[in-house]
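Enquirer: Turn this into a structure:
(one chain, ligands or ions: 2)
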Amino acid sequence: MPDALDATPYDALLLLSFGGPEGPDDVVPFLENVTRGRGIPKERLKEVGQHYFLFGGVSPINDQNRALLAALRKDFAEHGLDLPVYWGNRNWAPYLTDTLRDMVRDGRRRILVLATSAYASYSGCRQYRENLAEALATLEQEGLEPPRVDKLRHYFNHPGFVEPMTDGVIEALADLPEDVRDGAHLAFTTHSIPTSAADTSGPVEQHGDGGAYVRQHLDVARLIADAVRERTGVDHPWQLVYQSRSGAPHIPWLEPDICDHLQECHAAGVPAVVMAPIGFVSDHMEVKYDLDTEARAKAEELGLPVRRSATVGADPRFAAAIRDLVVERAAVARGQDVTPCALGTLGPSHHVCPVGCCPARQARPAAAGADSPYA
Ligand SMILES: CC1=C(CCC(=O)O)c2cc3nc(cc4[nH]c(cc5[nH]c(cc1n2)c(C)c5CCC(=O)O)c(CCC(=O)O)c4C)C(CCC(=O)O)=C3C
Ligand SMILES: [Fe+2]
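Expert: Numbers count the residues shown, from 1 in each chain. Ligands and ions are numbered 1, 2, ... in the order given. Below you'll find the model as predicted:
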C-alpha cells in the first residue's frame, strides 16, 4: 500500500453528469427535463427522441458513468486516497438534488465536483454550476445546511484525457484498409453550440473568436495530431468540426457539421477519414447516433471509408488523472503550492471559475465559482 494521499479538506467527490433515459418510457420525460425553457423546436425534439428509441430508449451514458464510478473507486483504493465517490445527474435519476441530500445526511461538508465535460462553455460548465446552486437552494429550503461545493478544473489538456484518445486515433487508423490509411484525414468532432455561446466561453479575457471552447478543442486536436505523427511517422491533415446541432435554424451555431465535412473530404479526393469525438468523455448518444449511425451512413453513401476512434470512458489513465486533480485541488484548498499538470499551449485551467465565465443568456445563481452565493 503506498502512502495515503491527502484529500483534506474535502470529504467526498461528486461525479456530476447529464443523465439519460434507461428505457422507452423515460425518453419523453427526459427530453422534457433537458429542454425545459431552452426553446428547442418541437420537430428537433421528435427527431432526438427517435435516436433514443432506435436504441431501445436507453442512453449509453448511465452505464458509462457506472463504469467510471467503479474505475475511480478502484483507483482511489489502490492509491490510498480515502475519498467516497457519489454520482448525481442534471436530467435523470440519480438526480443531483437527491444525491446531494444523501451526501449531507452522510455528513459530507466539503464536496469536490467532477463534471463529465472536459471543456469550458455554458452547457459544459456554468449550467452544471447553476444546477448545483438550485440543488443547494432546495436543501436549504428543506432545512438542511448546504455543504460547500468546489468544481475540479477543466481537464481537456490533462495527459490522462489526451493520451487515451491518441491511442484511440492510432487504433482507428490501423483498422482502415492499408491502401487508404496513410492518406486518411482526422476529423476531430465536438458538440456544436451557438457561436454566441462559444464566443463568451471561458473567462472574460478569453472571449471572442470562438472563445475558450474552440481554442481548447483546437489545442487538444493539435496535441493528438502531433502525437499521431510522432508515433506513426505519417502527417495526417486534420480539422476541428462539429456535430449534434440543435436550436432554431436562424441562430448561428459552430460549423462545419461532420456530415458536410465528410462530403467535402470526398469531393476533394480524401481517401478515408477518422472521426475522433474529442468533445465527449464517453460514448454518449451523440457519439452512438450522430457519428456511428448518421455520419457513418453518410460516409457509406459517399463510398468514403471512415472509422470512429474511442472516447476516454473509464480508461484507468483517466481515473488516475482525476485522482491527480483531486489531490492537486485539495493542496490548493490547504494553501499549498502545486504544479498543475497540463499539455499543449494553453496551460492549466483556473481552479475557480471567475466572475463572467461562460455567462448564461439570463443570469441565474451558480455555485462553485467566484460569483457563487454559497461559501
Ligand atoms: C456542449 C454540450 C455538451 C458536452 C458537455 C457535456 O457533456 O455536458 C452536451 C452534452 C450532452 N447533451 C446531451 C443530450 C442533449 N443535449 C441537448 C441539447 C443541447 N446540448 C447542447 C450542448 C452540449 N450538450 C446545447 C447547446 C443544446 C441545445 C439546448 C440548450 O441550449 O440546452 C438535447 C435536446 C435535444 C437536442 O436539441 O439535441 C439533448 C437530448 C447528452 C446526453 C447524451 C446521452 O444520452 O448519451 C449529453 C452528454
Ligand atoms: Fe447536449
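Enquirer: Which residues are in contact with R308?
Expert: With contacts defined as CB atoms under 8 Å, 6 or more residues apart in numbering, R308 is in contact with A172, V274, M275, A276, P277, V287, L291, D292, R296. Backbone N, C-alpha and C define where each C-beta goes, glycine included.
Enquirer: How about A333?
Expert: Residues counted as contacts of A333 (CB under 8 Å, 6+ apart) are P9, Y10, R110, D150.
Enquirer: and if we set it to 10 Å?
Expert: Listed by CB atoms under 10 Å, 6 or more residues apart in numbering, the contact set of A333 reads A7, T8, P9, Y10, R110, L112, R148, D150, H351.
Enquirer: what about the spatially closest residue to G279 that is not a sequence neighbour, which helix or strand?
Expert: Nearest in space to G279, with sequence neighbours left out and distances taken as CB to CB, 6 or more residues apart in numbering, is T190 at 2.6 Å. Following DSSP states H and E, the helix or strand that holds T190 is strand 185-191.
Enquirer: is ligand 1 contacted by that strand?
Expert: Yes: when contact is scored as CB under 6 Å from any ligand atom, part of strand 185-191 falls within range of ligand 1: H191.
Enquirer: elements contacting that strand?
Expert: Applying 3 or more CB pairs under 10 Å, 6 or more residues apart in numbering; DSSP states H and E, one finds that strand 185-191 contacts helix 159-174, helix 211-232, strand 238-243, helix 258-267, strand 273-276, strand 306-308.
Enquirer: of all the ones you listed, which lies closest to ligand 1?
Expert: The minimum distance between ligand 1 and the helices and strands packed on strand 185-191 falls on helix 211-232, with 7.8 Å, by CB to the nearest ligand atom.
Enquirer: Report all helices and strands that the closest one contacts.
Expert: With contacts defined as 3+ CB pairs under 10 Å, 6+ apart, the secondary structure elements packing on helix 211-232 are helix 159-174, strand 185-191, helix 195-199, strand 238-243, strand 273-276.
Enquirer: CSV for these, including distance to T116?
Expert: What follows is those, written out as CSV (distance: least, CB to CB, whole Å):
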stretch, distance to T116
helix 159-174, 12
strand 185-191, 12
helix 195-199, 19
strand 238-243, 17
strand 273-276, 18
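Enquirer: which of the ones you listed sits most buried?
Expert: Comparing the helices and strands packed on helix 211-232 on average neighbours per residue, with mean count of other CB atoms under 10 Å, the densest one is strand 273-276 at a mean of 28.
Enquirer: Enumerate the residues of this protein near ligand 1.
Expert: Within the chain, the positions lying close to ligand 1 (CB under 6 Å from any ligand atom) are 18, 20, 31, 34-35, 38, 40, 44, 48, 59-61, 116-117, 121, 123-124, 191, 193, 246-247, 284-286.
Enquirer: Buried among these? Make that a ChimeraX selection.
Expert: Selection of the buried residues among those in ChimeraX, burial being defined by 16 or more other CB atoms under 10 Å:
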select :18,20,31,34,35,40,44,48,59,60,61,116,117,121,123,124,191,193,246,247,284,285,286
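Enquirer: Sort out for me which of the residues of the chain next to ligand 1 are in strands.
Expert: H191 (DSSP state E).
Enquirer: Relative to the centre of this structure, find the outermost residue for me.
Expert: Relative to the centre of the chain, and counting by CA atoms, centre = their mean, the farthest-placed residue is D179 at 34.1 Å.
Enquirer: which ones are touching that one?
Expert: Listed by CB under 10 Å, 6+ apart, the contact partners of D179 are P271, A272, P305.
Enquirer: if you set the cut-off to 8 Å instead, what comes out?
Expert: With contacts defined as CB under 8 Å, 6+ apart, the neighbours of D179 are P271.
Enquirer: For whatever residue of the stretch 201-350 of the chain ends up closest to ligand 1, give me phi and psi.
Expert: Nearest to ligand 1, among the residues of the stretch 201-350 of the chain, is S246, at 2.8 Å (CB to the nearest ligand atom). Per-residue torsions, S246: phi -130, psi -160 (degrees, to the nearest 10).
Enquirer: swap in R329?
Expert: Here the main-chain torsion angles of R329 (degrees, to the nearest 10) amount to phi -70, psi -30.
Enquirer: Show me what the lowest-mean-pLDDT helix or strand in the chain is packed up against.
Expert: Of the helices and strands making up the chain, the lowest-confidence element is helix 42-54, at a mean of 91, by mean pLDDT, DSSP states H and E. Under the contact criterion of 3 or more CB pairs under 8 Å, 6 or more residues apart in numbering; DSSP states H and E, helix 42-54 touches helix 27-35.
Enquirer: Centre of the chain to the helix it packs on, how far?
Expert: Taking the mean of its C-alpha atoms, helix 27-35 sits 20 Å from the chain's own mean (CA atoms, centre = their mean, to the nearest Å).
Enquirer: Tabulate the CA atom coordinates of that helix in PDB.
Expert: Listed next in PDB are the C-alpha coordinates belonging to helix 27-35 (Å, rounded to 0.1, in the frame of the first residue of the first chain):
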ATOM      1  CA  VAL A  27     -37.400   9.200 -23.200                       C
ATOM      2  CA  VAL A  28     -40.100  11.900 -23.300                       C
ATOM      3  CA  PRO A  29     -39.800  12.900 -19.700                       C
ATOM      4  CA  PHE A  30     -36.000  13.000 -20.000                       C
ATOM      5  CA  LEU A  31     -36.200  15.300 -23.000                       C
ATOM      6  CA  GLU A  32     -38.700  17.500 -21.200                       C
ATOM      7  CA  ASN A  33     -36.100  17.800 -18.400                       C
ATOM      8  CA  VAL A  34     -33.300  18.700 -20.800                       C
ATOM      9  CA  THR A  35     -35.200  21.200 -22.800                       C
END
